[in-house]
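# After the sequence you'll find the predicted model.
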Amino acid sequence: MSSAASAVTSAVGGLTGALGGGGGPPQPGRSSSQIDAQTRKIRDKGFDLASKVADKKYQRYGGDRFANQSADTQASFDAIRGIQGQGQQALTQAQQTGQDISGYTPDQVKQQSFLQGPSVQDYMSPQVSTVMDSMQKRGMENIQKSVNQLRGSHNQAFGGSFADRAALETGTTIAEGNKAITDAQTQYLDKAFSDAAARKQSDQTMDQQRQLAQQQAGLQAQDVRLRGAQQQMAGTQAGRQAGLEDARMLSQIGAQQEGYDQRQKDYDYDQWQEERDWDKNNAMFLSNISGAAPHGTSSVTHQPGGQSKKGGLGGALMGGAMGFLQSGGNPYAAGLGALGGLS
């Protein structure tokens, strides 16, 4: 810079200082930014609530959390316990009956022989001998009558002659009489024997039928016992099943009652939690709002020494001089520099 320019500069600087347009080079300023007042208000309120929530002590819930066992549920348990062992004695008896029947052997019908047992003579009437004796006696009497008649007729006819002929006829009469007696007795004995044999055969048949009837009766009795055991087991099982069904229905009703009670207890607990966490939830809500809100800021500039931001007259003079010197003495440049100094 020339000596003339230095002189002008010094002169202008002195004049500027005298006019209050700056007394030396400008000092750097200071600026600050701050959160929008509305956002700060919400944030401070959330901080206050969070501080209060943090200071709270642990709160124990004073109500019941779980429903008690209902009376119907307890009754169903008692009913099931009562069924335990029920009918066991009946089942044991039925099982024993089944085992007895499975090992039952009916009495076999015995084979009978006509030659065994009482003889036919035992079946013959005791009067057979009497009849036989009577037949023998009557026959002999008839023979004797015939002989006497034959002898009388010979004596009358021949007067004792032809004795041999008479003896021969007498012998023939006696022989024929004896034969008649024997034939009659034989026929009688044959009939008596046949009757006795028929009675024995009838007795044997009746005895065999009796054995068959006893065998059949025994089998029927075992069948009745088996059916009774089956009915006993079926009845016992049906009773147990009915008891189980009753207990099941009671259990279902009890579960419904407990469900209603539990639903009310859950509702009460939720209400308590909602009340307990009300401040905490609000603090979190305010935190979310302040975090999501746009953080508007306002800037403030501080000038040191209280100097004005504007250059004033001194600044205009200084700007005009600098424009004049830098342009090599151009007056228009001096005028523009002066306008710049005013700004």
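Okay, I see it.
# Does the residue nearest to Gly235 when sequence neighbours are not counted lie in a helix or a strand, and which?
Using C-beta to C-beta, 6 or more residues apart in numbering and skipping the chain neighbours, the partner closest in space to Gly235 is Ala90 (7.9 Å). All C-beta atoms are positioned from the backbone trio N, CA, C, and that covers glycine. Element membership for Ala90, per DSSP states H and E: helix 88-102.
# next structured bit after that helix?
Downstream of helix 88-102, the first helix or strand assigned by DSSP H and E is helix 120-123.
# ok, residues contacting that following helix?
193, 195-197, 199-200 (C-beta atoms under 8 Å, 6 or more residues apart in numbering).
# Could you rerun that using 7 Å?
Residues outside helix 120-123 that contact it (C-beta atoms under 7 Å, 6 or more residues apart in numbering): 193, 196-197, 199-200.
# In strands, which of those appear?
Among the contacts of helix 120-123, no member is found in strands (DSSP state E).
# got JSON lines for those residues, with neighbour count, pLDDT and distance to Val147 too?
Formatted as JSON lines, those follow (neighbours: other C-beta atoms under 10 Å; pLDDT from 0 to 100; distance: C-beta to C-beta, whole Å):
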{"residue": "Phe193", "neighbour count": "15", "pLDDT": "82", "distance to Val147": "32"}
{"residue": "Ala196", "neighbour count": "19", "pLDDT": "80", "distance to Val147": "36"}
{"residue": "Ala197", "neighbour count": "14", "pLDDT": "85", "distance to Val147": "38"}
{"residue": "Arg199", "neighbour count": "15", "pLDDT": "83", "distance to Val147": "40"}
{"residue": "Lys200", "neighbour count": "18", "pLDDT": "82", "distance to Val147": "42"}
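# thinking the residue nearest to Gly235 is in contact with Ala234, fair?
No. Under the criterion of C-beta atoms under 7 Å, Ala90 makes no contact with Ala234, lying 10.5 Å away.
# which residues of the chain fall in helices?
According to DSSP state H, the chain carries its helices in the segments 3-18, 37-55, 71-83, 88-102, 120-123, 127-158, 163-276, 278-292, 312-326, 331-342.
# just to revisit the earlier point, between the helix holding Ala90 and helix 163-276, what angle do the directions make?
150 degrees (axes from the mean of the first three to the mean of the last three C-alpha atoms, to 10 degrees).
# if we can go back for a sec, nearest to Asp64 among the helices of the chain would be which one?
Distance to Asp64, taken as C-beta to C-beta, is lowest for helix 163-276 among the helices of the chain, at 5.7 Å.
# which secondary structure elements does the closest one contact?
Identification of packing neighbours for helix 163-276 by 3 or more C-beta pairs under 7 Å, 6 or more residues apart in numbering; DSSP states H and E yields helix 71-83, helix 88-102, helix 120-123, helix 127-158.
# Have a look at Ala90 and Ala234 and say which one is more surrounded.
Of the pair Ala90 and Ala234, Ala90 is the one with more neighbours under other C-beta atoms under 10 Å, namely 16 against 11.
# Against Tyr104, how distant is that one?
Distance, Ala90 to Tyr104, by C-beta to C-beta, to the nearest Å: 21 Å.
# nearest to Asp279, of the helices and strands packed on helix 163-276?
Nearest of the helices and strands packed on helix 163-276 to Asp279, taken as C-beta to C-beta: helix 71-83 at 40.5 Å.
# export the closest one as PDB, just CAs?
Coordinates of the C-alpha atoms in helix 71-83 are reproduced here as PDB (Å, rounded to 0.1, in the frame of the first residue of the first chain):
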ATOM      1  CA  ALA A  71     -68.400 -76.900  46.500                       C
ATOM      2  CA  ASP A  72     -69.500 -78.900  43.400                       C
ATOM      3  CA  THR A  73     -65.900 -79.700  42.500                       C
ATOM      4  CA  GLN A  74     -65.300 -80.900  46.000                       C
ATOM      5  CA  ALA A  75     -68.400 -83.000  45.900                       C
ATOM      6  CA  SER A  76     -67.300 -84.600  42.600                       C
ATOM      7  CA  PHE A  77     -63.900 -85.500  44.300                       C
ATOM      8  CA  ASP A  78     -65.800 -87.000  47.200                       C
ATOM      9  CA  ALA A  79     -68.000 -89.000  44.900                       C
ATOM     10  CA  ILE A  80     -65.100 -90.400  43.000                       C
ATOM     11  CA  ARG A  81     -63.400 -91.400  46.300                       C
ATOM     12  CA  GLY A  82     -66.600 -93.000  47.400                       C
ATOM     13  CA  ILE A  83     -66.700 -95.100  44.200                       C
END
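# That one vs helix 163-276, what angle?
Angle, helix 71-83 to helix 163-276, by the same axes, to 10 degrees: 150 degrees.
# Now do the buried residues in helix 71-83.
Neighbour counts over helix 71-83 (16 or more other C-beta atoms under 10 Å) mark 72-73, 75-76, 79-80, 83 as buried.
# So for stretch 131-150, mean pLDDT?
Stretch 131-150 shows an average pLDDT of 78 in the prediction.
# count of neighbours near Gln38?
11.
# repeat for Asp100
13.
# Could you do Ala292 as well?
For Ala292, the count of nearby residues is 7 (other C-beta under 10 Å).
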